[in-house]
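Chemist: show me the folded form of this:
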Amino acid sequence: MSMNNSPNVFLDPNANRFQVNIINESHDNNETSQEDVGSEPPHYEETSFTDEAHNRLRISYRPGKRELYDNFLQNGEKTEASLHPYDTHTKMYYLQTFGHNTVDPVPKIDYYRNTGSVSGNKLSRPSLLEIHEQLAKNIAVSTGSVERVANGESTAGDETAVSKEEENKTGFVKFGWVKGVLVRCMLNIWGVMLFIRLSWIVGQAGIGLGIIVIGLSVVVTTLTGVSMSAICTNGVVRGGGAYYLISRSLGPEFGGSIGLIFAFANAVAVAMYVVGFAETVVELLKESDTLMVDESNDIRIIGTITVVCLLGISVAGMEWEAKAQVILLFVLLIAIANFFIGTVIPTNNEKKARGFFNYQASIFAENFGPDFRSGEGFFSVFAIFFPAATGILAGANISGDLKDPQSAIPKGTMLAILITTVAYIAVAICAASCVVRDATGNINDTVVPGMSCNGSSACSLGYDFSRCASQPCDYGLMNNFQVMSMVSGFGPLITAGIFSATLSSALASLVSAPKVFQALCKDNVYKGLHFFAKGYGKNNEPIRGYVLTFVIAMAFILIAELNTIAPIISNFFLASYALINFSCFHASYAKSPGWRPAFRYYNMWVSLFGALLCCGVMFVINWWAALITYAIELFLYIYVTYKKPEVNWGSSTQALYYINALDSALALTTVEDHVKNFRPQCIALTGAPMIRPALLDITHTFTKNNGLCICCEVYTGPRKLCVKEMNSGMAKKQAWLTKNKRKAFYAAVAADSFRDGVKSLLQASGLGRMKPNTLVIGFKKDWRNAAATQVENYVGVIHDAFDFELGMIIVRISQGFDISQVLQVQEELEKLEQERLALEATIKENDFEEGRSGICRFFRKASTLNISKHETKKGSTINTMQSMHVGEFNQKLLEASTQFKKKQGKGTIDIWWLFDDGGLTILIPYILTIRKKWKNCKLRIFTGGKVNRIEEEKLVMASLLSKFRIKFADINIICDINIKPNKESWKFFEEMIEPYRLHESCKDITTAEKLKRETPWKITDAELEAFKEKSYRQVRLNELLQEHSRAANLIVLSLPVARKGVVSDYLYMAWLEILSKNLPPVLMVRGNHKNVLTFYS
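Modeler: Purely as a prediction, here's the structure:
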């Protein structure tokens, strides 16, 4: 590869983006200045653009140029200001790193977007298959297109889509962190409490404890803010506020439960704030004696008018609502400033009589300590103040309307907490430094010379308020809620501040509730609420949610009994805070690699402390409201868990499931196996699980909640097609198992042959101690018509299972397991049904169009007749096909495929325990009898014995089973197993194996040897003679099974073992065929001859 040393390489308009590298020809420049070496160590990179080792290149940077180079790589800009293509001082050159065309793309953010991303189009990178496989020869790849794909650039169609999207997004109103978060949080935190309750709180608790009350509240909100900041910066945040944060962190169960009560709490909060506003207005009307009806009804009337006005502002759009919030904040700031100005304006006699003396050290000292009265205490005062500190989620609740929620929410929320905290503390200290706790309001209550005084600060300032100790007074911090109005420079501004605080909080809640509720409904966690997910207008406004919030708010305003509901609402908010803190802790504790918040100033244990603190505060505020909150949340959690919404948000709950499973699996590896803990852990060769449901059902019956069950499928054929089909079907088949409530895993392999695939599964399936110990396969019913290689593979699988020391279960039912033809017919019928419905829809649409047209009314009747004929023809076709297919496929096959799903009636499970295999033959039926569907079946035991020892054999077997604690209904000793079968049965067996016999004894030696080489799978006369007694036994056993167990619900039978390399495959299949022929469902079982039962405790 040649190097381009031209200084104009970056100025070439055809140069490819991201294809520049800085290199230093070390063989030309061996001298490196001491300054360069000392200032920054060199950075090396080996490249492979040349075959000559001595031409390897390395990157080096001049001091201070590393940042410029990084910036160049990130932005892909080719400007002379950033880097020069040729540097005469250090002789650095630039080289194209992608010296060949490739479809392998460079990293780009568009590859990582979600499909529905609103911030940009999702691009699909070439699949690994496209890069790994050879390019098809008939595909022409142009250089330009390859380079554009390699550089992550979109096609013309993509550009069109992007431009259209940008056009659609121009109408969006997105807020920055100041207007979107800071303003809203400040307005929501500065509530009416600031103006009418803070003075009373500092009067009760004193300045010292008052600051502690404020500080403790701020600790709760700050910890929540820190946790929320961590969650917000761990990925793109969409609309939904607290619900979105919690649901994406902890999953739909927690998110769905808290989202609903959080939205409801905001809706009721609208009523609370509006009633607070209405009460203030009614007080003013009462003072001027201009009540409309009476106090209660006036509150309802004013509240209704206010909510309607606020609803109008909200529905008008977020832009108008934001403008209203800014105006209200301006009024609120003026009101607060007015208070501070009032504290330094010299007081007058009237205000002194009411307890206001400007800043006095004696008042500060007197009010520093607590003076709890009327049964109040620290926690009761804290409970009253704490709701004033809430409101930190006001910005997060409109996360969908923020330009950059990840940056805006942490910055705006934390700054709002800081500003409002300073304001609360400043107002509390100023009020307590200027106003005494008790004052009469009488300007004549002055101290007369010679008059004894109680030594209070008011006394030293010339006023005697001692009578407040014996009788109630109306003024002072403890008695007058309008202290801020009295202290302020202009009283009406405080009233305006109260209006601003209440209306801004009401407006924020009125916007928050529908936004959160809309996000909840969009996720379809509660399917009945999906109606409210629809948005309108350029900002996707939840108009339906606004109406619902309006109705809820109106209902509570008309009830006007908010004192009861207020503690519950406060606890709803606190529950949200607790879960936000817990979400941060849980995500950190789960140690998921996906938990990478950009906000680093958090700690998982501090978040947990914050969650516990929130729960404690809930009980401090109101214990019964806390219990109600927990009860509602628990109910909703159980409901969502039961419904199991089909969502996958990569929650920390999922991550913790994985961690717990991994830890448990690793811990299990240190535990030695013990016979008491043995359980069947099965590989079931079902193929696709929906193809052989009966085989899966019987396996699932004795593994459900008890052992491992893996449904396995082997793909054979061209490897490329097999792997593609296997990969595409994995998730679908596992989903089928989950949907049909089968507690099993699905595994598949691609192999050259069926036997090789099963061999791989037997060796590699499982994890640690959770490895299969039993292989379950269906009986190969078509073995007589199958190719010899298929029979060889089938029998080979049995041999392999025994080689790997696995137990073996072969299941046979009369109709067979494979229902793929039935499924194919059903799929065809479903397609026909869809076509019929589409045709009907077209007919209705045409009929509707004809009905609208006056010209065609005359022909409507004829048209209807034609359509009716067409419908009849189509319907008759479908019915004909249905009846035809019902006739074609065996209806009994469908019934047989579901026979193990049904509850078994009273009957028996007959166990022919002929050989001791470690106890698996007796354990499997025992497990079946403890299942709900098989509990009505009794166990009958059949075993071999001698005629002269029948009773002794029964006692021995009964003693053995009683030691194993296995209940049985009857024990039968079979004494005539080894006698010859009747002639008809033996004749049937001989006719069955006749096509597979070699008959070498009837041919000359040469011919016989040739036949053996050509057909090694055939049964020789020598082999048949050698195993004649064993063949007799299988035929005789079938006769006995027909005689004793024909009416059984299930037969469990000891599986005969064929010696590997001695018994031919076809002879062994003949044994299995004759053994299980014309019987109820049969399980032929053979354990691995290791104990699975014990009578020791």
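
Chemist: pLDDT value on the residue nearest to Phe573 when sequence neighbours are not counted, please?
Modeler: Distance criterion Cβ to Cβ, 6 or more residues apart in numbering; nearest residue to Phe573, sequence neighbours excluded, is Thr390 at 5.2 Å. To be clear about C-beta, it is placed using only N, CA and C from the backbone, and glycine gets the same treatment. Note for Thr390: predicted pLDDT of 80.

Chemist: and for Thr390, the neighbour number?
Modeler: 23 (other Cβ atoms under 10 Å).

Chemist: measure it to Ile1019 for me?
Modeler: Applying Cβ to Cβ, to the nearest Å, the value for Thr390 to Ile1019 is 86 Å.

Chemist: repeat for Leu939
Modeler: From Leu939 across to Ile1019, the span is 37 Å (Cβ to Cβ).

Chemist: show me the shaky parts of the stretch 251-400 of the chain.
Modeler: 317 (pLDDT under 70).

Chemist: ranges for the helices of it?
Modeler: In the stretch 251-400 of the chain, the segments counted as helices under DSSP state H, counting those that start in this stretch are 252-287, 295-316, 318-344, 349-353, 361-366, 378-385.

Chemist: mean pLDDT per helix and strand in this protein: which one sits at the bottom?
Modeler: Least confident helix or strand of the chain, by mean pLDDT, DSSP states H and E, is strand 92-95 with a mean of 35.

Chemist: so what does Gly768 look like in phi/psi?
Modeler: phi 60, psi -130 (degrees, to the nearest 10).

Chemist: swap in the one 4 residues further on?
Modeler: With angles defined as degrees, to the nearest 10, Pro772 sits at phi -60, psi 140.

Chemist: tell me, how many neighbours does it end up with?
Modeler: 24.

Chemist: wouldn't it be in contact with Val758 here?
Modeler: No. Counting by Cβ atoms under 8 Å, Val758 is not a contact partner of Pro772; they are 11.4 Å apart.

Chemist: element containing Gly206, please.
Modeler: Secondary structure from DSSP states H and E places Gly206 in helix 198-232.

Chemist: next, the angle from whatever helix or strand comes next after that helix to helix 198-232.
Modeler: Sequence order places helix 241-250 as the next helix or strand after helix 198-232, per DSSP H and E. Interaxial angle of helix 241-250 relative to helix 198-232 (axes from the mean of the first three to the mean of the last three Cα atoms, to 10 degrees): 40 degrees.

Chemist: which residues does helix 241-250 contact?
Modeler: 228, 231-232, 235, 237-238, 240, 254-256, 258-259, 262-263, 393, 396-399, 512, 515-516, 519-520, 523, 525, 576, 579-580, 582-584, 586-587, 649-653 (Cβ atoms under 8 Å, 6 or more residues apart in numbering).

Chemist: try 7 Å
Modeler: Outside of helix 241-250, the residues within contact range by Cβ atoms under 7 Å, 6 or more residues apart in numbering are 228, 231-232, 237-238, 254-256, 258-259, 262, 393, 396-399, 512, 515-516, 519-520, 576, 579-580, 583, 586-587, 649, 651-653.

Chemist: may I have the residues that are in contact with the closest residue to Phe277 other than its chain neighbours?
Modeler: Nearest residue to Phe277, sequence neighbours excluded (Cβ to Cβ, 6+ apart): Thr502, at 3.9 Å. Applying Cβ under 7 Å, 6+ apart to Thr502 gives the contacts Val192, Tyr273, Gly276, Phe277.

Chemist: can you pull the contacts of the third one?
Modeler: Pointing back at Gly276 there. By Cβ under 7 Å, 6+ apart, the neighbours of Gly276 are Val192, Thr502.

Chemist: quick one: Phe900 and Leu696 touch, right?
Modeler: No. Contact criterion Cβ atoms under 7 Å: Phe900 and Leu696 do not qualify, at 8.8 Å.

Chemist: which neighbours do these two share?
Modeler: Counting by Cβ under 7 Å, 6+ apart, nothing touches both Phe900 and Leu696.

Chemist: any low-confidence regions in this protein?
Modeler: Within the chain, the segments meeting pLDDT under 70 span 1-103, 112, 114-120, 128-129, 131-173, 317, 449-455, 560-564, 847-890.

Chemist: gap between the two ends of stretch 804-815?
Modeler: One end of stretch 804-815 to the other measures 31 Å (Cα to Cα, to the nearest Å).
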